[in-house]
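1. Sequence and predicted model, in that order:
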Amino acid sequence: LYYPKRKQGLSDRQKVVVDYQYERKAKNMKEFLDQNMPNFAEAVRGSLDSFNEKAERNGLPRVVLFASKARTSPLIKYLSTEFRRRLLLAEVYPTVKNQDLLQKFDIEKESLPVLLVFPLGSEEPIRYEGGDFTRRKLHRFLSDYALDKPVEPKKKSSSSGASKDEKKAPEAQETEQDKRQGVKEEL
(Lines give C-alpha, C1' and ligand atoms only; values in the text may rest on other atoms or scores of the structure.)
Protein backbone atom coordinates (compact mmCIF):
# COMPACT_ATOMS: atom_id res chain seq x y z
CA LEU A 1 0.00 0.00 0.00
CA TYR A 2 0.98 3.61 -0.53
CA TYR A 3 1.29 5.78 2.55
CA PRO A 4 1.60 9.50 1.79
CA LYS A 5 4.41 11.39 3.46
CA ARG A 6 3.53 14.12 5.89
CA LYS A 7 4.16 17.49 4.28
CA GLN A 8 6.88 19.64 5.81
CA GLY A 9 6.11 23.28 6.21
CA LEU A 10 6.71 26.35 8.32
CA SER A 11 3.59 25.73 10.39
CA ASP A 12 3.91 24.06 13.77
CA ARG A 13 0.43 22.63 13.39
CA GLN A 14 0.09 19.07 12.27
CA LYS A 15 -1.64 18.64 8.93
CA VAL A 16 -4.82 16.60 9.03
CA VAL A 17 -5.10 14.09 6.23
CA VAL A 18 -8.58 12.80 5.40
CA ASP A 19 -8.82 9.69 3.27
CA TYR A 20 -11.42 9.48 0.54
CA GLN A 21 -13.10 6.06 0.75
CA TYR A 22 -15.95 6.37 -1.73
CA GLU A 23 -16.58 5.90 -5.46
CA ARG A 24 -14.49 7.87 -7.93
CA LYS A 25 -17.43 9.75 -9.38
CA ALA A 26 -17.79 13.51 -9.57
CA LYS A 27 -21.03 13.60 -7.57
CA ASN A 28 -19.60 11.56 -4.70
CA MET A 29 -16.37 13.56 -4.67
CA LYS A 30 -18.28 16.84 -4.56
CA GLU A 31 -20.40 15.65 -1.62
CA PHE A 32 -17.27 14.56 0.24
CA LEU A 33 -15.60 17.93 -0.33
CA ASP A 34 -18.72 19.86 0.67
CA GLN A 35 -18.96 17.93 3.93
CA ASN A 36 -15.28 18.43 4.75
CA MET A 37 -15.04 22.15 3.92
CA PRO A 38 -14.13 24.29 6.93
CA ASN A 39 -17.01 26.33 8.31
CA PHE A 40 -16.31 29.49 10.32
CA ALA A 41 -19.90 30.74 10.41
CA GLU A 42 -21.46 31.06 13.85
CA ALA A 43 -24.70 29.13 14.32
CA VAL A 44 -27.22 31.30 16.18
CA ARG A 45 -29.90 29.77 18.35
CA GLY A 46 -32.38 32.20 19.84
CA SER A 47 -30.25 35.28 20.50
CA LEU A 48 -27.53 37.31 18.81
CA ASP A 49 -26.01 38.46 22.13
CA SER A 50 -22.93 36.21 22.16
CA PHE A 51 -22.39 36.84 18.43
CA ASN A 52 -22.54 40.63 18.92
CA GLU A 53 -20.22 40.39 21.92
CA LYS A 54 -17.64 38.42 19.92
CA ALA A 55 -17.81 40.89 17.02
CA GLU A 56 -17.42 43.85 19.38
CA ARG A 57 -14.53 42.20 21.26
CA ASN A 58 -12.62 41.64 18.00
CA GLY A 59 -13.72 44.84 16.23
CA LEU A 60 -15.35 43.09 13.27
CA PRO A 61 -18.32 44.01 11.07
CA ARG A 62 -21.24 41.60 11.47
CA VAL A 63 -23.08 39.66 8.78
CA VAL A 64 -26.25 37.74 9.62
CA LEU A 65 -27.65 35.23 7.16
CA PHE A 66 -31.20 34.05 7.69
CA ALA A 67 -30.99 30.70 5.91
CA SER A 68 -33.87 28.95 4.18
CA LYS A 69 -32.59 25.49 5.18
CA ALA A 70 -31.28 24.07 8.44
CA ARG A 71 -27.98 23.12 6.80
CA THR A 72 -24.95 25.24 5.93
CA SER A 73 -24.44 25.49 2.19
CA PRO A 74 -20.99 25.20 0.59
CA LEU A 75 -21.32 28.82 -0.56
CA ILE A 76 -21.64 30.04 3.04
CA LYS A 77 -18.73 27.82 4.11
CA TYR A 78 -16.65 29.37 1.33
CA LEU A 79 -17.60 32.93 2.33
CA SER A 80 -16.93 32.25 6.02
CA THR A 81 -13.46 30.99 5.12
CA GLU A 82 -12.73 33.75 2.61
CA PHE A 83 -13.69 36.55 5.02
CA ARG A 84 -12.44 34.87 8.20
CA ARG A 85 -11.16 37.46 10.70
CA ARG A 86 -12.26 40.28 8.39
CA LEU A 87 -15.95 40.03 9.26
CA LEU A 88 -18.02 37.79 11.50
CA LEU A 89 -20.66 35.68 9.82
CA ALA A 90 -23.66 34.26 11.66
CA GLU A 91 -26.20 31.83 10.29
CA VAL A 92 -29.75 31.81 11.64
CA TYR A 93 -31.66 28.65 10.79
CA PRO A 94 -35.47 28.68 10.36
CA THR A 95 -36.33 27.01 13.69
CA VAL A 96 -38.86 27.70 16.42
CA LYS A 97 -36.13 29.14 18.69
CA ASN A 98 -35.23 31.73 16.05
CA GLN A 99 -38.76 33.01 15.35
CA ASP A 100 -38.14 36.03 17.61
CA LEU A 101 -35.13 37.03 15.49
CA LEU A 102 -37.17 36.75 12.30
CA GLN A 103 -39.82 39.02 13.82
CA LYS A 104 -37.23 41.45 15.21
CA PHE A 105 -35.79 42.08 11.74
CA ASP A 106 -39.22 41.89 10.04
CA ILE A 107 -38.40 38.88 7.86
CA GLU A 108 -41.05 36.57 6.44
CA LYS A 109 -40.33 32.86 6.00
CA GLU A 110 -41.30 33.09 2.33
CA SER A 111 -38.56 35.67 1.66
CA LEU A 112 -35.70 33.52 3.01
CA PRO A 113 -32.72 33.54 2.52
CA VAL A 114 -31.95 37.09 3.69
CA LEU A 115 -28.50 38.58 4.26
CA LEU A 116 -28.02 41.54 6.62
CA VAL A 117 -24.75 43.44 7.15
CA PHE A 118 -24.04 45.57 10.22
CA PRO A 119 -21.05 47.80 9.37
CA LEU A 120 -18.65 48.79 12.14
CA GLY A 121 -20.19 51.32 14.49
CA SER A 122 -23.71 50.87 13.11
CA GLU A 123 -26.73 49.13 14.58
CA GLU A 124 -28.80 49.67 11.42
CA PRO A 125 -28.59 46.66 9.08
CA ILE A 126 -27.96 46.88 5.34
CA ARG A 127 -29.92 44.28 3.40
CA TYR A 128 -28.48 42.45 0.41
CA GLU A 129 -30.67 43.31 -2.59
CA GLY A 130 -28.62 41.59 -5.30
CA GLY A 131 -31.24 39.02 -6.21
CA ASP A 132 -29.95 35.48 -6.32
CA PHE A 133 -27.16 34.32 -4.03
CA THR A 134 -24.17 33.65 -6.29
CA ARG A 135 -20.55 33.44 -5.22
CA ARG A 136 -19.38 36.45 -7.21
CA LYS A 137 -22.27 38.72 -6.21
CA LEU A 138 -22.00 37.89 -2.51
CA HIS A 139 -18.22 38.17 -2.54
CA ARG A 140 -18.40 41.60 -4.17
CA PHE A 141 -21.10 42.75 -1.73
CA LEU A 142 -19.28 41.52 1.40
CA SER A 143 -15.93 42.89 0.21
CA ASP A 144 -17.32 46.40 0.56
CA TYR A 145 -17.95 45.89 4.30
CA ALA A 146 -15.09 43.56 5.29
CA LEU A 147 -11.92 44.84 6.89
CA ASP A 148 -8.90 45.21 4.61
CA LYS A 149 -6.59 43.17 6.84
CA PRO A 150 -7.48 40.22 9.07
CA VAL A 151 -7.70 40.90 12.80
CA GLU A 152 -5.80 38.59 15.12
CA PRO A 153 -8.17 37.25 17.78
CA LYS A 154 -7.80 38.68 21.25
CA LYS A 155 -7.05 36.00 23.78
CA LYS A 156 -9.30 35.76 26.78
CA SER A 157 -7.49 37.10 29.81
CA SER A 158 -7.07 34.91 32.85
CA SER A 159 -5.28 35.73 36.09
CA SER A 160 -3.27 32.50 36.09
CA GLY A 161 -2.27 32.80 32.43
CA ALA A 162 -0.52 36.17 32.73
CA SER A 163 3.23 36.22 32.24
CA LYS A 164 5.68 37.30 34.91
CA ASP A 165 6.20 40.73 33.33
CA GLU A 166 2.44 41.35 33.12
CA LYS A 167 1.95 40.48 36.80
CA LYS A 168 4.52 43.06 37.94
CA ALA A 169 3.45 46.61 38.56
CA PRO A 170 4.43 49.14 35.87
CA GLU A 171 6.73 50.89 38.38
CA ALA A 172 8.67 47.66 38.91
CA GLN A 173 9.08 47.24 35.16
CA GLU A 174 10.43 50.78 34.87
CA THR A 175 12.97 50.26 37.65
CA GLU A 176 14.24 47.08 35.96
CA GLN A 177 14.69 49.00 32.72
CA ASP A 178 16.55 51.77 34.59
CA LYS A 179 18.85 49.16 36.17
CA ARG A 180 19.61 47.68 32.73
CA GLN A 181 20.42 51.12 31.33
CA GLY A 182 22.66 51.88 34.31
CA VAL A 183 24.61 48.68 33.76
CA LYS A 184 25.00 49.49 30.05
CA GLU A 185 26.26 53.02 30.88
CA GLU A 186 28.84 51.63 33.32
CA LEU A 187 30.23 49.32 30.63
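-> Happy to help now that I have it.
2. got a list of contacts for stretch 39-54?
-> Contact partners of stretch 39-54, identified using C-beta atoms under 8 Å, 6 or more residues apart in numbering, comprise 62, 64-65, 72, 76-77, 79-81, 84, 88-93, 95, 97-98, 100-101. All C-beta atoms are positioned from the backbone trio N, CA, C, and that covers glycine.
3. One more: stretch 136-148?
-> Outside stretch 136-148, the residues within contact range by C-beta under 8 Å, 6+ apart are 60-61, 63, 75, 79, 82-83, 86-87, 115, 117, 119, 126, 128, 130-131.
4. Buried ones in that stretch, by neighbour count?
-> Neighbour counts using 16 or more other C-beta atoms under 10 Å place 138, 141, 142, 145, 146 of stretch 136-148 among the buried residues.
5. Looking at these, spot the one nearest residue 15.
-> Nearest to residue 15, judged by C-beta to C-beta, of the buried residues of stretch 136-148 is residue 146 at 27.6 Å.
6. which secondary structure element contains the residue nearest to residue 59 when sequence neighbours are not counted?
-> Nearest non-adjacent residue to residue 59, counting by C-beta to C-beta, 6 or more residues apart in numbering: residue 151, 6.0 Å away. Using DSSP states H and E, residue 151 sits within no helix or strand.
7. how far away is residue 151 from residue 128?
-> Look at residue 151 and residue 128: by C-beta to C-beta, to the nearest Å, they are 23 Å apart.
8. Mind checking which of those two has more residues around it?
-> residue 128 (18 against 14; other C-beta atoms under 10 Å).
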